[in-house]
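[1] Here's my sequence, what's the structure:
(2 chains)
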2 protein chains.
Amino acid sequence: MRLSRYFLPLLRDTPKEAEIVSHRLMLRAGMIRQQSAGIYSWLPLGLRVLDKISRIVREEQNRSGAIEILMPTIQSADLWRESGRYDAYGKEMLRIKDRHDREMLYGPTNEEMVTDIFRSYVKSYKDLPLNLYHIQWKFRDEVRPRFGVMRGREFLMKDAYSFDIDQASARHAYNRMFTAYLRTFARLGLKAIPMRADTGPIGGDLSHEFIVLASTGESQVFCHKDYLDFETPAIDTDFDSVDGLQRLVDNWTSLYAATEEMHEAADFDAIPADKQLSARGIEVGHIFYFGTKYSEPMGATVTGPDGTLSPVHMGSYGIGPSRLVAALIEASHDESGIIWPDEIAPFDIAVLNLKAGDAATDGACEQLYKTLLARGYDALYDDTDTRPGGKFATADLIGAPWQIIVGPKGLAEGKVEIKRRAGGERELVSLEAALDRFKGKTA
Amino acid sequence: MRLSRYFLPLLRDTPKEAEIVSHRLMLRAGMIRQQSAGIYSWLPLGLRVLDKISRIVREEQNRSGAIEILMPTIQSADLWRESGRYDAYGKEMLRIKDRHDREMLYGPTNEEMVTDIFRSYVKSYKDLPLNLYHIQWKFRDEVRPRFGVMRGREFLMKDAYSFDIDQASARHAYNRMFTAYLRTFARLGLKAIPMRADTGPIGGDLSHEFIVLASTGESQVFCHKDYLDFETPAIDTDFDSVDGLQRLVDNWTSLYAATEEMHEAADFDAIPADKQLSARGIEVGHIFYFGTKYSEPMGATVTGPDGTLSPVHMGSYGIGPSRLVAALIEASHDESGIIWPDEIAPFDIAVLNLKAGDAATDGACEQLYKTLLARGYDALYDDTDTRPGGKFATADLIGAPWQIIVGPKGLAEGKVEIKRRAGGERELVSLEAALDRFKGKTA
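    Predicted coordinates for the structure are as follows:
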């Protein structure tokens, strides 16, 4: 993308309303714009990150055997009366009447609707296990939306729902998602630790939150330090192996890890002092097993091998891609701006032309830019007539992992500069050597 | 995808409520499920098609220089009061009050919001031209939703908005979208004819609808038959060439073509009788130039080269991916089911194992299936224990362009059958020859 043709509306001043660093940086870098309280437009730079996160989430859901569908945002109130949650949900639910005065709502979650889909089509244990997920906008009418997209009202959610014939199979379904979540967060460049969690309004008796540690986190969490060195499940993990996944999950839940609500000080104190980790955390995923809580009142039953009908066992599994954009920034930034992990950077490489209009720098930049595009990179070419200082600041702010800086002086000696955004390392190399560094995107 | 692990809930009986063939086939093939009047869930097969259509729309928008953003579904009523459309829009607008009693609405279109984004950031002609688009769910509270996703209440729309310094530049922006639309529909396997159209509630004085001819079309259209043989703009069309695009658009609007509302019988009668084409049509795209209709009341002004402030000239450009799914089926089906164009088929190839459990057919099918996946095809492997007749019917119904049929008899002679869904041609070939036909997906 040529910056001269792009829409990257940077803000010079730090917006007053933004209380946390991710919100400030997302506004300054022109990633989002608030349209109403807690409701945001995603500008081009922000949307690129959101899409890359969703893609990784989707790939790992598919790998685990979950199947993608897409449920609508507007739901019928009647469906929620069947589960009893229409009245229970309270003011966070955005309630709507249509032109015929029918009671509708903007879905804050989809347990009821997916249970309705299930009961319409699936009648036999032979069609199980089944896990249906979607990535769709949700609405929760928070009384005081804040922190930008970290706690917005309209937000993007990946929610998956598993259906199984009995509790043992449902446990395996839970373990599949547990494993998929570990892989997802690792690919996003995040160290997320699964912690026992309260089940809240979803209900159920088994639940984990996946927590990213960040000094600006919303809540206090407690865990064994060794979790930081645990290995991510491999790409060839066998999701069909009941024992294999159970061992994996047992290992990942073998040490103490709890959110504030579930914290037991005595258990935590039993950890050797040098292994106690108490820190701020951001919730980036939440998984639940809740058995027949929805299937029973809604009549989602299946015939078992012995011919008897019984309510299906369910779980639900959420990741918020829009919230993850903010969480990633909270976990990775410095005073100059955002430092994106390689896999989700909106642009892999920024090419900075320090003297646009100069035949030599223009020529070198064009060659770099076009070659990088041809090799599959998302390259941003700053071809504007801004002064070098402004270009450096912009590139650092938006956080492309690599910068290639092309100025007339260096070029006179046949050199361009490569800068790694994360550590700030710089290197002067020939144009050819610069291109040799970027031989093709493997992602 | 192995069918035994997929979620493809076919309906045996033709649903009574479905009045048109696309609605019937989408329900029977398990592509969608109605959740409320005019509100649908997209089941896995339907979502695959919807995503492929959106991808092509996105690629052609990007090629033309438009930049993707994502605006929220919920908007503030105040924004619509600025343009005067809040009261004018009537009952089709889904109006909502949030917990603080603020008036909100579910966006039926986004002229106001995108104008608000524009005026917040863009101040100078130097930042023009600009075209921002998004692909987002919209809601129009139709009094009588019908025809499935063809006229639903919650529907997916790609809407683009162009911003230019004057009418001449805006005309070029219009021509860019006109060209992008021709390419988009051609890639979708549709012959879409641009017709002069009424501007309706969007307003403005220049507008074209893109119409697909189908016997089940919603309205009568009239055009010169030669349009059917017009050439699609090439992939290397120069979208920056003002004259080039104007010639292209002039050519594509040189002959008579009008929707019923804009029809002039005398002009149509002037066409030689053998060139008169009067047919049913389905609207699949609509583009508008409306000048300063929104920028003036909303104060979206830019400084020109001479330093004077003037309201920006705008156009808007819509394509409905969800409606296109239905339009494609209306245009391409037979009594056995859907016939997908190659580029948007949910699966490229269906592999039918006529005797699942038989070592020879299982082995051959596994080899075919895995090789096709490795070569980049979306392959569906029917590995279920359904009888052959059922498998043939399913494959025809869901409309994969190619079927590879593997039965024990043929395999004993080293042969499998390749069937082209569109024409029904069948061919017996060796397993190796079958694989040689599918050497890799080029899309």
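
[2] tell me which parts of the stretch 101-250 of chain A are close to chain B?
    A:102, A:104, A:106, A:113, A:116-117, A:120-122, A:130, A:132, A:137, A:139, A:141, A:143, A:153-154 (Cβ under 8 Å from any Cβ of the partner chain). C-beta: built from backbone N, CA, C; applies to glycine.

[3] Which among those count as buried?
    Taking 16 or more other Cβ atoms under 10 Å in any protein chain shown as the criterion, what is buried in these is A:104, A:106, A:113, A:116-117, A:121-122, A:130, A:132, A:137, A:139, A:141, A:153-154.

[4] which one of those is nearest chain B?
    Nearest to chain B among those is A:Tyr121, at 3.7 Å by Cβ to the nearest Cβ.

[5] Let me know the pLDDT of the residue nearest to that closest one when sequence neighbours are not counted.
    Once flanking residues are discounted, A:Tyr121 sits nearest to B:Pro9: 3.7 Å by Cβ to Cβ, 6 or more residues apart in numbering or on different chains. For B:Pro9, the model assigns a pLDDT of 98.

[6] In helices, which of the residues of the stretch 101-250 of chain A next to chain B appear?
    A:Met113, A:Asp116, A:Ile117, A:Ser120, A:Tyr121 (DSSP state H).

[7] Show residues contacting stretch A:415-426.
    A:339-340, A:364, A:368, A:395-396, A:399-407, A:410, A:427-431, A:434, A:437 (Cβ atoms under 8 Å, 6 or more residues apart in numbering or on different chains).

[8] Let me have the buried ones among the residues of the stretch 101-250 of chain A next to chain B in a markdown table, adding distance to A:Val21 and pLDDT as columns.
    Output for those, formatted as a markdown table (distance: Cβ to Cβ, whole Å; pLDDT from 0 to 100):
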| residue | distance to A:Val21 | pLDDT |
| --- | --- | --- |
| A:Met104 | 38 | 98 |
| A:Tyr106 | 30 | 98 |
| A:Met113 | 36 | 98 |
| A:Asp116 | 41 | 98 |
| A:Ile117 | 40 | 98 |
| A:Tyr121 | 46 | 97 |
| A:Val122 | 46 | 98 |
| A:Leu130 | 41 | 98 |
| A:Leu132 | 36 | 98 |
| A:Trp137 | 25 | 98 |
| A:Phe139 | 26 | 98 |
| A:Asp141 | 26 | 97 |
| A:Arg153 | 21 | 98 |
| A:Glu154 | 22 | 98 |
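
[9] Out of those residues, the closest to B:Ala234 would be?
    Distance to B:Ala234 across these (Cβ to Cβ) is lowest for A:Trp137, with 37.0 Å.

[10] Distance of that closest one relative to B:Tyr377?
    31 Å (Cβ to Cβ, to the nearest Å).

[11] Check A:Leu206 too.
    39 Å.

[12] secondary structure element for the closest residue to A:Ile404 other than its chain neighbours?
    Among residues not flanking A:Ile404 along the chain, A:Val351 sits closest, at 5.0 Å (Cβ to Cβ, 6+ apart). Assigned by DSSP states H and E, A:Val351 falls within strand A:349-353.

[13] Pairing partners for that strand, with directions?
    Counting by DSSP bridges, the strands paired with strand A:349-353 are strand A:379-382 (parallel), strand A:402-406 (parallel).

[14] C-terminal to the shortest one, what's the next element?
    By that I understand strand A:379-382. helix A:388-398.

[15] Any buried residues in that next one, and which?
    Result for helix A:388-398 [16+ other Cβ under 10 Å]: buried residues A:Lys391, A:Phe392, A:Ala393, A:Thr394, A:Ala395, A:Asp396, A:Leu397, A:Ile398.

[16] what's the closest of these to A:Met177?
    Proximity of the buried residues of helix A:388-398 to A:Met177 (Cβ to Cβ) peaks at A:Ile398, which lies at 33.0 Å.

[17] How about the contacts made by the nearest residue to that closest one once chain neighbours are set aside?
    The shortest distance from A:Ile398 to any non-neighbouring residue, by Cβ to Cβ, 6+ apart, is to A:Ala29 (5.0 Å). When contacts are counted by Cβ under 8 Å, 6+ apart, A:Ala29 is found next to A:Leu8, A:Leu10, A:Leu45, A:Gly337, A:Ile338, A:Leu397, A:Ile398, A:Gly399.

[18] Show me the domain layout of chain A.
    With domains defined by the TED database, chain A comprises A:7-338, A:349-438.

[19] export the ones you listed to a markdown table and tack on distance to B:Arg63?
    Listed next are the domains of chain A as a markdown table, based on distance: least, Cβ to Cβ, whole Å:
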| stretch | distance to B:Arg63 |
| --- | --- |
| domain A:7-338 | 16 |
| domain A:349-438 | 13 |
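
[20] Strands of the stretch 51-200 of chain A, start to end?
    Along the stretch 51-200 of chain A, counting by DSSP state E, counting those that start in this stretch, strands occupy A:67-68, A:74-76, A:94-97, A:103-106, A:130-139, A:154-164, A:192-196.

[21] check whether the first one contacts chain B.
    In this case it means strand A:67-68. Yes: figure legend: strand A:67-68 in contact with chain B (Cβ under 8 Å from any Cβ); contacting residues A:Ile67, A:Glu68.

[22] Packing partners of that strand?
    Judged by 3 or more Cβ pairs under 8 Å, 6 or more residues apart in numbering or on different chains; DSSP states H and E, strand A:67-68 is in contact with helix A:44-63, strand A:130-139, helix B:44-63.

[23] Thanks a lot, catch you later.
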